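Q: Give me a 3D structure for the following:
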Amino acid sequence: MKTLAFALAAVSAAAMPTLSAAQETNPLSFNVSVTSDYRFRGISQSRFRPAVQGGVDYALPNGFYVGAWASTIRWIKDAGEINDINTRRSPVELDLYGGYKGQITSDFGYDVGVLQYLYPRNALTRIPNTYSPNTFELYGALSFGPATLKYSHALTRLFGTADSKHSGYLDLTANFDVGGGVTLTPHVGHQRVRNNSDFSYTDYSLTVAKEFYGFTFSLAAVGTDTKKIAGAHAYASPAGNDLGRFGAVVAVKKTF
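A: Numbering: from 1, shown residues only. The predicted structure follows:
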């Protein structure tokens, strides 16, 4: 059951939204997006299907910020019915976060904060030997020029996984302006799942984005090196497909 709980739960949760430059002049901003596949740390949250997402951010001039972000998901309802308990009641993930951003020099900055992942109406806690998927993380990041190194640390079980408290995710992301309004964003990260090493893995991606008429269009190549356990993928869909397989993700986003 622990393996099942993690295979279902650890594929969840949204990537921490990044505050945009527009928020430095307008403290309140909103964003909506549609993506062909909701990926978090390389793992598909929507079983390779489209997802609708949106958020709101409030950033103060002194560096403090708070925000909320939500996305449609499939991983909980994909569990189906376990022990006569229907898990199909939680189609949305909600993230609440807050923190502080500052500059040490003009090129060297930092960002620290907290992030709460919530799964409203989920029924997983009613199933024997499973735990709440709600997860609380602390994070800290250092940025230098176009590069950002970030570490996220779970102070609770990682998305309901037994014995996984104090798991961590370390990632390095850069953002390059290559001209013509096109940005190139390479990324690599490693998810360590404490006491569940078979589920630890490295993810990577390369994203190209461009703004047209106020909308940001992006194309990303995403993959992981997730393992197999007893011949089955560690992160598997109900049909047994690898949710961390290499693939392309197309998205469009509007911020206002």
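Q: going forward, measure contacts and count neighbours with C-alpha atoms only.
A: Noted.
Q: Tell me how far residue 222 lies from residue 146.
A: 20 Å (Cα to Cα, to the nearest Å).
Q: Name the residue in these two with the higher neighbour count.
A: Comparing residue 222 with residue 146 by other Cα atoms under 10 Å, the one with more neighbours is residue 222, at 23 against 13.
Q: Could you count how many residues lie near the residue nearest to that one when sequence neighbours are not counted?
A: Leaving aside its sequence neighbours, residue 222 sits nearest to residue 205 (Cα to Cα, 6 or more residues apart in numbering; 4.3 Å). Neighbourhood size, residue 205 [other Cα under 10 Å]: 20.
Q: ok, now which ones touch residue 205?
A: 42, 186, 187, 188, 220, 221, 222, 223 (Cα atoms under 8 Å, 6 or more residues apart in numbering).
Q: For burial, what's the neighbour tally of residue 59?
A: 23.
Q: Bridged to it, which residues?
A: residue 65 (DSSP bridges).
Q: these two touch, right, it and residue 30?
A: No: taking contacts as Cα atoms under 8 Å, residue 59 lies outside contact range of residue 30: 11.6 Å.
Q: Next secondary structure element downstream of the lowest-mean-pLDDT helix or strand in the chain?
A: Least confident helix or strand of the chain, by mean pLDDT, DSSP states H and E, is helix 2-9 with a mean of 42. Next in sequence after helix 2-9, counting helices and strands by DSSP states H and E, comes strand 28-35.
Q: Now do that next one: everything it contacts.
A: 23, 50-59, 249-256.
Q: Mind listing the strands it pairs with, and their directions?
A: strand 51-59 (antiparallel), strand 247-255 (antiparallel).
Q: Using PDB, write out every CA atom in it.
A: The C-alpha atoms that make up strand 28-35 are tabulated as PDB, following Å, rounded to 0.1, in the frame of the first residue of the first chain:
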ATOM      1  CA  LEU A  28      -1.500  42.500  -7.700                       C
ATOM      2  CA  SER A  29      -1.500  40.200 -10.800                       C
ATOM      3  CA  PHE A  30      -3.500  37.300 -12.100                       C
ATOM      4  CA  ASN A  31      -2.500  34.500 -14.500                       C
ATOM      5  CA  VAL A  32      -4.400  31.900 -16.400                       C
ATOM      6  CA  SER A  33      -3.000  29.100 -18.600                       C
ATOM      7  CA  VAL A  34      -3.800  26.000 -20.600                       C
ATOM      8  CA  THR A  35      -1.200  23.300 -21.000                       C
END
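Q: List the buried residues in it.
A: 28, 29, 30, 32, 33, 34, 35 (16 or more other Cα atoms under 10 Å).
Q: Would you reformat these as CSV and include distance to residue 176 and pLDDT?
A: CSV is the format used below for the buried residues of strand 28-35 (distance: Cα to Cα, whole Å; pLDDT from 0 to 100):
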residue, distance to residue 176, pLDDT
28, 26, 96
29, 23, 97
30, 24, 97
32, 23, 98
33, 22, 98
34, 23, 98
35, 22, 98
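Q: Name the strands paired with the host helix or strand of residue 102 and say parallel or antiparallel.
A: Residue 102 belongs to strand 92-103 when assigned by DSSP H and E. The pairing partners recorded for strand 92-103 under DSSP bridges are strand 64-72 (antiparallel), strand 108-118 (antiparallel).
Q: Since that was my last question, I'll sign off now.
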